[in-house]
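J.: coords below, sequence missing:
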């Protein structure tokens, strides 16, 4: 199951706020109002490579942070108050629309702010983009800070809204398929709504029969290690996704499980070798079965007959 969890804290102590923010996000300086009525509330919900975070800074309070997040893409939106971002010589005051935060070193200042951020793991969304484009070596670079247009901003808001609904639903987060769909919606919206190197490429024709990257990598691993012991964990590691996501992907794109595909691949290889066998070289059913990954000869014979309608021995001598 995708790692999903929630957390948060609320404090009226400016020192505690600075210490906690520095530990969780980045170097922080906190300025309390003259009447010491400081207030900060921070909450978050995580679903694997995607996080929703909300920060609320009370009236008269100011939070300044130095942040560097090269491994994360952060899309921020201010619903109340004011926030400014400084990166290099640039200075930007966030408006009502979504804004992509810099990934290099930047400083942000929040004054009586209600801020929401969606953080997406850069490597994960890059892999996802490569699968959509069918480019194994694709490199994602964000080239703009705002959506292409208002319609793109609305699409982003819809995707984020769905993600939050899922993360706020205790039953929904228990269903990997629902969580995966919410993650994909946010990743798709990020790639389509914000300027990046992704939009420099045309998507492949929808009728293409090429498999997505994780499934293709798992299939390649099977083909290259057919005679070796192969477990689901090996395939997930080769595919670079969790085991439950690999099972879902195989069912969606190949109509079977990874184990089912492996069994069929081994039977097909054994069938081919039996047909091409040369009895004068001493080829035997047992040797061929073992070479194709079958360690139980009786089970191999049963599965082979079910698949091809005759025994391995009959094929060998045909």
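T.: Alright, I've got the coordinates. Remember, it's a predicted structure, so these values are computed and weren't measured experimentally. Numbers count the residues shown, from 1 in each chain.
J.: could you pull out the strands for this structure?
T.: Taking DSSP state E to define them, one finds strands in the chain at 4-11, 27-31, 40-47, 50-57, 62-67, 72-87, 90-93, 99-100, 106-121.
J.: roughly how far does residue 42 sit from residue 253?
T.: Per C-beta to C-beta, to the nearest Å, residue 42 is found 40 Å from residue 253. For the C-beta atoms, the positions are set from N, CA and C on the backbone; glycine is no exception.
J.: neighbour count: those two, which is higher?
T.: With neighbours defined as other C-beta atoms under 10 Å, residue 42 and residue 253 compare such that residue 42 has more, 21 against 16.
J.: if we ignore the residues flanking it in sequence, what's nearest that one?
T.: Closest residue to residue 42 apart from its sequence neighbours, by C-beta to C-beta, 6 or more residues apart in numbering: residue 55 at 5.2 Å.
J.: and the one you found, what does it touch?
T.: Going by C-beta atoms under 8 Å, 6 or more residues apart in numbering, residue 55 touches 40-42, 63, 110, 113-115, 117.
J.: what's the closest non-adjacent residue to residue 259?
T.: In space, residue 259 is closest to residue 232, 7.0 Å off (C-beta to C-beta, 6+ apart).
J.: ok, that neighbour touching residue 246?
T.: Yes - between residue 232 and residue 246 a contact is recorded at 7.4 Å, counting by C-beta atoms under 8 Å.
J.: residue furthest from the geometric center of this structure?
T.: Most distant residue from the mean C-alpha position of the chain: residue 280, 52.9 Å away (C-alpha atoms, centre = their mean).
J.: ok, back up a step: can you put the contacts of residue 55 in CSV and add pLDDT and distance to residue 139?
T.: Output for the contacts of residue 55, formatted as CSV (pLDDT from 0 to 100; distance: C-beta to C-beta, whole Å):
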residue, pLDDT, distance to residue 139
40, 87, 37
41, 91, 37
42, 89, 33
63, 81, 34
110, 84, 32
113, 88, 34
114, 91, 35
115, 90, 30
117, 92, 24
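J.: now those residues: which count as buried?
T.: Among the contacts of residue 55, those classed as buried by 16 or more other C-beta atoms under 10 Å are 40, 42, 63, 110, 113-115, 117.
J.: show the average pLDDT along stretch 137-151.
T.: Averaged over stretch 137-151, pLDDT sits at 89.
J.: hmm, back to that, which of the contacts of residue 55 sits closest to residue 291?
T.: residue 117 (54.3 Å; C-beta to C-beta).
J.: now for the closest one: which residues touch it?
T.: Contacts of residue 117 by C-beta under 8 Å, 6+ apart are 51-55, 74-77, 101.
J.: picking that back up, the strands of the chain: which one's closest to residue 241?
T.: strand 106-121 (12.7 Å).
J.: report the distance from the closest one to the chain centre.
T.: Its chain's average C-alpha position is 22 Å from that of strand 106-121, according to C-alpha atoms, centre = their mean, to the nearest Å.
J.: just to revisit the earlier point, looking at residue 232 and residue 246, which is more packed in?
T.: Neighbours were counted for residue 232 and for residue 246 using other C-beta under 10 Å; residue 246 has more, 24 against 16.
J.: centre of the chain to stretch 188-195, how far?
T.: Stretch 188-195 has its C-alpha centroid displaced from the chain centroid by 15 Å (C-alpha atoms, centre = their mean).
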